[in-house]
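[1] Here is the input, now give the coordinates:
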Amino acid sequence: MTIRRPTRAPGRADTATPRPAAPPAPVGRRRFAELTGSWRAALRIARRESRRSRRRTALVLAMIAMPVAALAFLAASYDMAELTPQERVERRLGVADAQLQWIAGAPVGQDEWGESWYTTADGKPPSKVSAAQLTALLGPGSRVTEVRPRVPLTLRGPHRDEVVNARVLDLTDPLARGLVRFRAGRAPQQPGEVAVSPVALRRLDLRLGHAVAAADGSRAYTVVAVVEFPDDLGPVVALHPGAAPSTGPEPDSVWLADVPGTVDAALVSRLNDRGVVVTARHIGSATGADRTWLGSIMGDNPNDLSTGVLIAGLGLLEVVLLVGPAFAVGVRRRRRDLALVAVAGGDAAQLRRVVLADGVVLGVLGAAAGLLVGVGAAFAGRPLMEQYVFSARFGGYRCWPSALVLLGGVAVLAGVLAALAPAWTAARQDVSAGLAGRRTPAKSPGRWLALGLALVVGGAGLAAFGATRTSPAVVLTGLILGELGLVCCTPTLLGVLARLGRVLPLAPRIALRDASRNRAAAAPAICAVMAAVASSVALGGYLASDGARDARAYRPALPTGHVMVNPIGAAPQPTLAQITDAARNHLGVGAVAPVQTPSCGAGRSGYCDIAPVLPLARACPWQPGVQLPAAQRQQARADPRCQVREADYFGGYVEPGVDDGTALPLLTGVDPATTAAATAVLRAGGVVVTDPRYLHDGLVTVRVTEVEAGPDVPITAHDLPGYALPRAIGQSRLLLSAAAARQLGLSWSQTGWVIGTTTPPDEEQQARFAAALRPFGTLSLGVEYGGAPRDVSPLLLLLAAAAGLITVGAAGIATALAAAEGRAELTTLAAVGAAPAVRRLLAICQAGVIAGLGSVLGIVAGLGTAAIVLVSVNRQYASAWPVSDPYPFLVPWPALGVLVLVPVVAMLGAGLFTRARLPIERRLD
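    Residues are numbered from 1 along each chain as shown. The predicted structure follows:
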């Protein structure tokens with residue numbers, strides 16, 4: 001009997017026991033799955049939006065990719081230029097097995113690459129090293145050749161003498177030939193033949209087979225080859241060993257060795273015991289090629305690393321502020337789509353992810369584009385960087401992957417940070433207003449203003465504290481906090497200006513209203529301009545103050561425009577008449593006087609210190625360089641005897657000379673009446689000083705000390721009739737008459753000539769003057785330009801130009817985004833009969849609001865920052881002794897002049913590139 005189960009009737013539920021339900025997934029796993037799916041959907045939406053808004057996407061990509069490309073270019077170029085230890089060894093050895101340097105007559109220790117060493121016992125360098133000695137140390141079958149890498153050489157060029165780096169090596173030897181690359185010609189085979197680098201060939205205007213002479217006329221060389229040294233692409237000349245014979249121990253001379261076997265550790269140890277440092281090809285392991293990149297870039301000081309990080313943070317803030325308006329406008333144009341996401345059940349976190357995904361996608365794309373462009377440019381521009389920047393061949397094609405990964409991460413972070421504020425705003429928008437296409441009124445809560453003011457005050461105080469402690473990292477931290485505070489205050493300022501703009505005409509009123517309503521886009525653009533301008537003005541103010549301080553502390557050697565001519569070497573010297581003729585023909589002057597320098601008299605060898613002695617009643621009782629307590633420092637600052645500038649304490653050398661009044665006016669620049677009085681004293685057997693403190697009761701005490709005998713043991717000291725020059729120009733001098741020099745037991749000789757000119761001769765005049773004196777030997781020219789050691793004006797203009805470029809870019813970006821956002825309002829203007837010129841005028845006013853307001857805020861913030869830093873630094877040295885020159889507060893007018901014109905340029909550019917025709921939307925029936 002078969003029993004069948006009853007089947008379920010159609011349309012009836014199964015009343016059987018239900019299957020047990022699957023256990024619920026853990027909360028953490030479910031949450032992770034939801035988060036992953038949410039981000040996946042947000043990234044898909046962001047990718048689709050980037051394709052739909054191509055212009056905005058291109059704008060954001062350009063702003064993110066440009067700094068990434070520049071930094072990637074620098075990173076790859078640096079990585080290629082920095083040689084690994086193995087590459088350095090290959091470059092130093094060429095085809096040789098080892099490089100030897102005999103540095104001492106005692107055992108030495110060295111590292112595995114032979115780049116650093118130390119002596120283990122007191123030992124002097126060997127008097128002379130020969131190839132036979134080194135060959136004996138290496139063993140039978142070995143061979144060596146000498147290379148002298150640095151030999152000073154001055155050659156006569158077509159217009160002026162050229163100083164080149166000469167290397168002495170035998171290029172006919174295969175060991176030395178491996179150090180160079182032949183471009184043309186053959187190796188020099190005799191002392192009168194040379195091989196030159198391409199740069200030296202161009203500077204000396206030579207060709208193969210041409211002759212070039214030494215500047216002193218002692219020898220002439222024939223160019224037989226054009227060679228390139230990979231470690232020096234500058235002007236280099238390869239000399240035959242016979243052209244510069246070694247007359248003694250050469251401290252930098254090295255030997256290339258070829259050994260029959262391998263250079264093992266035993267051979268290196270045996271050579272180290274004899275005082276020879278070895279660089280071998282196979283001793284160092286390849287795994288030892290670790291390079292401390294951050295240490296080589298930032299240095300060993302942690303403050304340098306923190307300063308670099310803060311500067312990079314300022315750059316990141318600038319990029320975020322420039323990119324932020326584009327994301328803000330994109331969020332407003334997508335507010336209906338975001339409202340639909342909210343209606344479909346999306347919460348505030350999901351709305352934020354949708355906007356933040358834009359930053360992630362565009363950050364990744366910008367990073368990829370910037371890295372590709374930067375690395376590609378570094379590879380393509382490698383020959384130019386080798387020749388004109390590093391002046392050496394790179395080791396190979398590489399791109400520093402760790403730095404590129406860091407740059408890519410920073411680029412993505414910049415995109416996310418730029419989208420952070422728009423994402424927060426999108427999550428808080430009114431859903432019904434977004435669905436209806438209405439704008440929600442912009443609000444600027446008071447807490448943001450309070451936070452901004454607190455950050456401004458705190459940042460200013462921190463910058464002042466860092467300036468007193470001379471800590472750049474603390475100063476930069478204060479500046480960043482202050483700029484963030486101004487960023488927080490800017491939206492409130494826009495609201496206040498919009499209310500005040502009711503009295504303005506139509507176009508500027510609309511521009512201010514739009515900036516107030518679109519604060520999420522206008523405020524970052526204004527802050528970007530402000531940050532760039534403030535940084536430029538603050539740094540420019542400090543540089544201008546520092547330059548003025550250096551100019552005030554500058555002590556010229558001669559009156560402005562005068563020239564000092566000194567012979568070099570023991571070659572025959574020109575006569576006074578020959579110098580005078582050359583100066584009259586090529587410098588346009590004939591005022592020339594010989595300069596004579598005293599020295600130790602007969603019977604004494606060595607160097608004698610000849611100096612006036614300051615009277616005890618006028619000498620400061622506290623010695624400079626001694627750490628004094630605070631009370632004694634205060635007494636020293638109040639003592640009239642100690643009221644001397646710091647430069648006079650630490651650079652108070654008095655240059656002695658022998659003169660009868662002929663060179664005195666050219667050396668000191670005094671007037672004829674003073675010259676006549678000083679000349680009378682000199683002819684009477686006295687001395688002349690340019691510092692009145694040394695003159696007491698009509699006398700000057702002059703002390704002569706033989707340095708080799710000890711500085712505290714004077715040979716002689718005499719009180720001589722003296723005269724002090726009032727308002728003398730140039731360094732402090734002591735001019736002795738011939739009678740005074742004989743009384744002190746001194747001899748003197750002519751050491752140069754001084755030429756008086758009204759204006760400094762230019763380079764062409766100097767070249768012609770030097771060429772006229774070539775037949776009389778090698779001479780050096782020293783021209784006194786009468787100014788500070790450096791001119792900061794070009795740097796100020798460069799800073800202003802960089803800030804101006806950012807200002808114009810930010811104004812253009814914000815104006816274009818405002819025009820795209822306000823298209824409906826432009827249509828309304830057209831509908832009510834506004835003229836087409838209104839749109840152009842509106843664009844000009846919008847650019848003026850961004851550039852003008854940002855520049856004004858930046859100038860005020862920059863001047864305030866510079867004032868805080870300078871006042872703090874001056875207060876730090878207010879109680880120091882010796883008294884140091886304070887930093888004056890100077891306004892960088894060249895930079896401010898450029899920055900004032902930049903908003904005008906931005907406004908004119910906006911008016912020029914804006915289409916005047918107002919848009920007319922098609923009416924829907």
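[2] Quick check: bridge partners of the residue nearest to Cys600 when sequence neighbours are not counted?
    Excluding the flanking residues, the one nearest Cys600 by C-beta to C-beta, 6 or more residues apart in numbering is Cys608, at 4.1 Å. Just so you know, the C-beta spots here come from the backbone N, C-alpha and C atoms, and that holds for glycine as well. In this entry, Cys608 is beta-bridged to Glu706, by DSSP bridges.
[3] residues in contact with Cys608?
    598-600, 704-707, 715, 746 (C-beta atoms under 8 Å, 6 or more residues apart in numbering).
[4] Pipe those residues into TSV and attach neighbour count per row.
    Formatted as TSV, these follow (neighbours: other C-beta atoms under 10 Å):
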residue	neighbour count
Pro598	21
Ser599	17
Cys600	20
Val704	22
Thr705	19
Glu706	17
Val707	12
Ile715	18
Leu746	25
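[5] so which of the residues you listed comes closest to Gln731?
    Pro598 (16.4 Å; C-beta to C-beta).
[6] Just list what the helix or strand where that closest one lies packs against, helices and strands only.
    Assessed by DSSP states H and E, Pro598 sits inside strand 592-600. Under the contact definition 3 or more C-beta pairs under 8 Å, 6 or more residues apart in numbering; DSSP states H and E, strand 592-600 sits against helix 576-586, strand 608-613, strand 655-658, strand 746-755.
[7] and Thr172, which of the three is it?
    The three-state label given to Thr172 by DSSP: H, G, I helix; E, B strand; the rest coil is coil.
[8] how many other residues sit next to it?
    For Thr172, the tally of surrounding residues (other C-beta atoms under 10 Å) stands at 13.
[9] In this structure Ala464 contacts Gly482, no?
    No. With contact defined as C-beta atoms under 8 Å, Ala464 does not reach Gly482; the gap is 10.9 Å.
[10] Which residue of the two possesses the greater neighbour count?
    Taking other C-beta under 10 Å, Ala464 and Gly482 do not tie; Gly482 has more neighbours (25 against 21).
[11] The more buried one: what secondary structure?
    Criterion first, three-state DSSP; result for Gly482: helix.
[12] Count residues in the vicinity of the closest residue to it other than its chain neighbours, would you?
    Using C-beta to C-beta, 6+ apart and skipping the chain neighbours, the partner closest in space to Gly482 is Gly459 (3.1 Å). Residues lying near Gly459 (other C-beta under 10 Å) number 23.
[13] host element of Gly459?
    Assigned by DSSP H and E, Gly459 falls in helix 446-468.
[14] chain center to that helix, what's the gap?
    29 Å (C-alpha atoms, centre = their mean, to the nearest Å).
[15] do the same with stretch 139-150
    On C-alpha atoms, centre = their mean, the centre of stretch 139-150 falls 41 Å from the chain's centre.
[16] contacting residues around Gly661?
    675, 678-679, 682-683.
[17] Most neighbours out of those, which is it?
    Going by other C-beta under 10 Å, Ala678 tops those with 27 neighbours.
[18] per-residue confidence for that residue?
    What the model reports as pLDDT for Ala678 is 91.
[19] Stretch 589-603 - what's its average pLDDT?
    Stretch 589-603 comes out at a mean pLDDT of 82.
[20] Pull out the buried residues from it.
    Across stretch 589-603, burial judged by 16 or more other C-beta atoms under 10 Å covers 589, 591-596, 598-601.
[21] the inter-axis angle of the strand holding Pro598 versus helix 576-586?
    140 degrees (axes from the mean of the first three to the mean of the last three C-alpha atoms, to 10 degrees).
[22] Show me how far strand 592-600 is from its chain's centre.
    Put simply, strand 592-600 sits 41 Å off its chain's centre (C-alpha atoms, centre = their mean).
[23] who touches it?
    By C-beta under 8 Å, 6+ apart, strand 592-600 touches 564, 576, 579-580, 583, 606-608, 610, 656-659, 662-663, 666-667, 706, 736, 741, 744, 746-756.
[24] Now list the buried members of those residues.
    Members of those classed as buried by 16+ other C-beta under 10 Å are 564, 579-580, 583, 608, 610, 656-659, 662-663, 666-667, 706, 736, 741, 744, 746, 748, 752-756.
[25] Neighbours of the residue nearest to Gly601 when sequence neighbours are not counted, how many?
    Using C-beta to C-beta, 6+ apart and skipping residues adjacent in sequence, the residue nearest Gly601 is Gly745, 4.3 Å away. Counted with other C-beta under 10 Å, residues neighbouring Gly745 total 16.
[26] Looks like Gly745 contacts Ala717 (just checking).
    No. Judged on C-beta under 8 Å, Gly745 makes no contact with Ala717 at a distance of 11.3 Å.
[27] residue ranges with poor pLDDT in the stretch 51-200 of the chain?
    For the stretch 51-200 of the chain, the stretches with pLDDT under 70 are 120-128.
[28] which stretches of it form helices?
    Counting by DSSP state H, counting those that start in this stretch, residue ranges of the helices within the stretch 51-200 of the chain are 54-81, 85-93, 131-138, 174-177, 198-203.
[29] Which element, helix or strand, includes Leu539?
    helix 519-553.
[30] Toward the C-terminus, what is the element adjacent to that helix?
    Heading C-terminal from helix 519-553 (DSSP H and E), you reach strand 563-568.
[31] Look at the nearest residue to Asp231 once chain neighbours are set aside and give its secondary structure.
    Spatial nearest neighbour of Asp231, chain neighbours left out: Ala392 (5.3 Å); criterion: C-beta to C-beta, 6+ apart. Under three-state DSSP, the three-state class of Ala392 is coil.
[32] burial measure for Ala392, as a count.
    So Ala392, with other C-beta under 10 Å, has 17 neighbours.
[33] Now do the same for it: its pLDDT.
    So, for Ala392, pLDDT stands at 89.
[34] Can you name the residues that contact it?
    Remark: with contacts taken as C-beta under 8 Å, 6+ apart, Ala392 is in contact with 81, 230-233, 386.
[35] Of these, which is the nearest to Trp448?
    Ala81 (47.0 Å).
[36] what about the nearest residue to the closest one once chain neighbours are set aside, distance to Ala200?
    Computed as C-beta to C-beta, 6+ apart, the closest residue to Ala81 that is not its neighbour in sequence is Phe390, at 4.9 Å. Distance, Phe390 to Ala200, using C-beta to C-beta, to the nearest Å: 18 Å.
[37] neighbour count winner among these two?
    Set Phe390 next to Ala200 and count neighbours by other C-beta under 10 Å: Ala200 wins out with 26 against 16.
[38] wait, isn't that one in contact with Val164?
    Yes. Between Ala200 and Val164 there is a contact at 5.5 Å, judged by C-beta under 8 Å.
[39] what touches both of those two?
    With C-beta under 8 Å, 6+ apart as the test, Ala200 and Val164 both reach 235-237.
[40] out of those residues, who's nearest His696?
    Pro235 (54.4 Å).
[41] Without its sequence neighbours, what residue ends up closest to the closest one?
    Nearest to Pro235 is Ala200, by C-beta to C-beta, 6+ apart, at 3.9 Å.
[42] could you list every residue that touches the one you found?
    So Ala200 contacts 162, 164, 206, 234-237 (C-beta under 8 Å, 6+ apart).
[43] Now render the residues you listed as TSV, adding secondary structure, distance to Ala523 and neighbour count.
    Output for the contacts of Ala200, formatted as TSV (DSSP: H, G, I helix; E, B strand; the rest coil; distance: C-beta to C-beta, whole Å; neighbours: other C-beta atoms under 10 Å):
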residue	secondary structure	distance to Ala523	neighbour count
Glu162	strand	58	18
Val164	strand	58	22
Leu206	coil	63	21
Gly234	coil	51	14
Pro235	coil	55	22
Val236	strand	57	23
Val237	strand	62	25
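[44] of all the residues you listed, which two lie farthest apart?
    Leu206 and Gly234 (15.5 Å).
[45] quick one: terminal-to-terminal distance for stretch 735-747?
    Taking C-alpha to C-alpha, to the nearest Å, the first and last residues of stretch 735-747 lie 14 Å apart.
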